[in-house]
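[1] Predicted model and sequence below, questions to follow.
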Amino acid sequence: MFFFNLFKKSDLECPRCLGKGFVDWEDIRRLNKQLKWVPAPCAYCNASGRTTPEILSKVPVDTTYLTIDLPESEIEKIKNADPETLEKGRQKELFVDNLILYALHHYQTKNMDAESIADLYLKTEEETALFSLERENLIQYIERVIELKKSELN
Ligand SMILES: [Zn+2]
């Protein structure tokens, strides 16, 4: 890595991480991604804190699928608005959104806890589902969904 963090004068402060190069819980709350992201180096600006008008016009700052854990080639494809890659991202987000709705529905109308919801979900999961989750991860995730809902009600 170079001694200085050099950027062109035309570069702009990254609107996802506000120039920090790191997306923290505050950014996650601001962009309303509490159930989608965890704190990590910023994928939007590749942790540089700066971005260009070109990227800003091509990629929405809150593109959920664009996270640092993706392979570099995948990140490039998102930044080039590759239709297949964007569709993959949409499918993934749709899956998560449905899972959140499922968890909230069973929590709110049936008063079930995270573990029972996870077990019911895994029992009724369609064989054709595009994605699957480990039981432990699923329980933890549903707990987060419920926690967030509770905090919204307070
Ligand atoms: Zn950034």
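    Sure, I can see it. From a predicted model like this one, the values you see are computed outputs, not experimental measurements. Numbering: from 1, shown residues only.
[2] Quick one: mean pLDDT for the helix or strand encompassing E54?
    Following DSSP states H and E, one finds E54 within helix 53-58. The average pLDDT within helix 53-58 is 91.
[3] Contacts for the lowest-mean-pLDDT helix or strand in the chain next, please.
    Using mean pLDDT, DSSP states H and E, helix 53-58 stands out as the lowest-scoring helix or strand of the chain, at a mean of 91. Helix 53-58 is contacted from outside by S10, L12, P15, Y44, K79, N80, A81, using C-beta atoms under 8 Å, 6 or more residues apart in numbering. Placement of C-beta: from N, CA and C, glycine included.
[4] just checking, what packs against the helix ranked longest in the chain?
    Determined from DSSP state H, the single longest helix within the chain is helix 83-110. Counting contacts by 3 or more C-beta pairs under 8 Å, 6 or more residues apart in numbering; DSSP states H and E, helix 83-110 packs against helix 72-79, helix 114-124, helix 135-153.
[5] So which of those is nearest L104?
    Among those, helix 135-153 comes nearest to L104, with 6.2 Å by C-beta to C-beta.
[6] follow-up on the earlier one: in the longest helix of the chain, what counts as buried?
    For helix 83-110, burial by neighbour count (16 or more other C-beta atoms under 10 Å) applies to T85, L86, K88, G89, L99, I100, Y102, A103, L104, H106, Y107.
[7] and the gap between the spatially closest residue to the second one that is not a sequence neighbour and the ion?
    If I follow you right, that is L86. Spatial nearest neighbour of L86, excluding adjacent residues (C-beta to C-beta, 6 or more residues apart in numbering): I78 at 6.8 Å. To the ion, I78 is 14 Å away according to C-beta to the ion, to the nearest Å.
[8] Check I68 too.
    Distance check for I68 against the ion: by C-beta to the ion, it reads 10 Å.
[9] Same check on S73?
    Noted for S73: a distance of 20 Å to the ion, by C-beta to the ion.
[10] Around the ion, which positions in the chain sit nearby?
    C14, R16, C17, C42, Y44, C45 (C-beta under 5 Å from the ion).
[11] Spatially, which residue comes closest to the fifth one, not counting chain neighbours?
    Right, Y44. Nearest residue to Y44, sequence neighbours excluded (C-beta to C-beta, 6+ apart): R16, at 4.0 Å.
[12] Alright, I will stop here.
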